[in-house]
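S.K.: I would like to see how this sequence folds:
(one chain, ligands or ions: 1)
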Amino acid sequence: MNRKPLIGVPACARMMGEHPFHVVGDKYVRAVSDGAGGMPLLIPALGTALDMDEVAGRLDGLLVTGSPSNVEPHRYGGSPSEPGTLHDPERDDTTLPLIRAALEMGVPLLGICRGFQELNVALGGTLHQRVHEVPGYANHREDKEAPLAVQYGPSHSVRLTPGGVLEKLAGGEAAVTVNSLHGQGVDRLADGLIVEAMAEDGLVEAVRVAGAPAFALAVQWHPEWRFWENPLSAAILRAFGSAAADRARRRLS
Ligand SMILES: N[C@@H](CCC(=O)NCCCC(=O)O)C(=O)O
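M.R.: I've put the predicted structure just below:
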């Protein structure tokens, strides 16, 4: 039987009324099912209640999504956030160790936006908390008043690292235009991460994990958004799904 690879998608902790929920955006679920050809498995933000080696050991892939919340600054030695900043400690407690466990086991990994930032923090890197306030960097945030199609529409160009994974997936293109919905960004790049794309202002926009035995890529933009309309987005998800399928075949053989 040709089983679909099981791809974990960690949830965000979110209050709905007076009740706590674990939530994942629909576009990420469909990116896994339709873009990567996987079976999405939503992973609750239970943090240390989960044995991350046990969770990672059951996965064929791990997709770490975007989220409006910010990684808590104390996770990377950053200064306290501005009052009113949205955090999600339950998610941080889940994704940061799970990313490390997945990489240790060679589970294919795709990080998107917050997931890109979490990969950097999980491996010891740091973040700019308000990129737009750092001299030399542009404003990478979306206009929250604009329609979603505009928020997730083309925003700025990124240069692809020659010889990198993204350049190959982009058919040899030297640069592509991406969407941009983030106020935070990579400050100190973690050891073991290789830059795969950079914005015109020099902000790191994509990385891969050096020496990873399987697909291990993270991007600051949103390839899950209407991926079927964007050849690079579709190629990223296909490559991730193919790596997950390879692991499934090995794991179940
Ligand atoms: N909060 C972080 C990460 C931003 C992010 O992931 N935005 C997307 C949220 C909505 C979605 O999942 O599409 C930052 O501000 O840098």
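
S.K.: next, count neighbours for Pro68.
M.R.: The number of residues packed around Pro68, counting by other CB atoms under 10 Å, is 14. Placement of C-beta: from N, CA and C, glycine included.

S.K.: please read the previous query as pertaining to Pro20.
M.R.: Pro20 has 11 nearby residues by other CB under 10 Å.

S.K.: tell me who's in contact with the nearest residue to it once chain neighbours are set aside.
M.R.: Sequence neighbours aside, Ala13 is the residue nearest to Pro20 in space, at 6.2 Å (criterion: CB to CB, 6 or more residues apart in numbering). With contact taken as CB atoms under 8 Å, 6 or more residues apart in numbering, Ala13 is in contact with Pro20, Phe21, His22, Ala45, Asp88, Pro89, Glu90, Arg91.

S.K.: if I look at the fifth one, how far off is the ligand?
M.R.: As for Asp88, its distance to the ligand is 9 Å (criterion: CB to the nearest ligand atom, to the nearest Å).

S.K.: hang on, isn't that residue packed against Gly66?
M.R.: No - assessed by CB atoms under 8 Å, Asp88 is found out of contact with Gly66, at 11.8 Å.

S.K.: picking up where we left off before, pull the most distant pair out of the contacts of Ala13.
M.R.: Phe21 and Pro89 (15.4 Å; CB to CB).

S.K.: the residue of the stretch 1-150 of the chain found nearest the ligand - nearest residue in space that isn't next to it in sequence?
M.R.: In the stretch 1-150 of the chain, the residue that lies nearest the ligand is Gly66 (2.8 Å; CB to the nearest ligand atom). Leaving aside its chain neighbours, Gly66 sits nearest to Cys113 (3.2 Å; criterion: CB to CB, 6+ apart).

S.K.: so what's that neighbour scoring on pLDDT?
M.R.: What the model reports as pLDDT for Cys113 is 98.

S.K.: and Ser253, by the same measure?
M.R.: pLDDT, read off for Ser253, is 83.

S.K.: change the start of the numbering to 13 and stick with it
M.R.: Right, with 13 as the first residue, what we last looked at is Ser265.

S.K.: what about it, neighbour count?
M.R.: Around Ser265 there are 5 other residues, counting by other CB under 10 Å.

S.K.: then Met27?
M.R.: Neighbourhood size, Met27 [other CB under 10 Å]: 8.

S.K.: near the ligand, which residues of the stretch 113-262 of the chain?
M.R.: Residues of the stretch 113-262 of the chain lying close to the ligand by CB under 6 Å from any ligand atom are Cys125, Arg126, Leu193, His194, Gly195, Gln196, His234.

S.K.: how about a cut-off of 8 Å?
M.R.: Residues of the stretch 113-262 of the chain that fall close to the ligand, judged by CB under 8 Å from any ligand atom: 124-127, 129, 139, 143, 152-153, 164, 193-197, 234, 236-237.

S.K.: ok, residues contacting stretch 32-44?
M.R.: 19, 21-27, 50-52, 54, 56-57, 73, 75, 77-78, 124, 235-237, 239, 249, 253.

S.K.: output stretch 184-198 as CSV, nothing but the C-alphas.
M.R.: Taking Å, rounded to 0.1, in the frame of the first residue of the first chain, the C-alpha atoms of stretch 184-198 are listed here in CSV:
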residue,chain,number,x,y,z
GLY,A,184,18.5,28.4,-11.9
GLU,A,185,16.9,31.8,-11.2
ALA,A,186,19.3,34.2,-9.4
ALA,A,187,16.5,36.1,-7.7
VAL,A,188,12.8,35.7,-7.1
THR,A,189,10.0,38.0,-5.7
VAL,A,190,8.4,36.8,-2.4
ASN,A,191,5.7,37.9,-0.1
SER,A,192,6.6,39.4,3.3
LEU,A,193,4.6,39.4,6.5
HIS,A,194,7.1,39.6,9.4
GLY,A,195,8.3,42.1,11.9
GLN,A,196,11.1,40.0,13.2
GLY,A,197,14.1,38.6,11.4
VAL,A,198,17.5,36.8,11.7
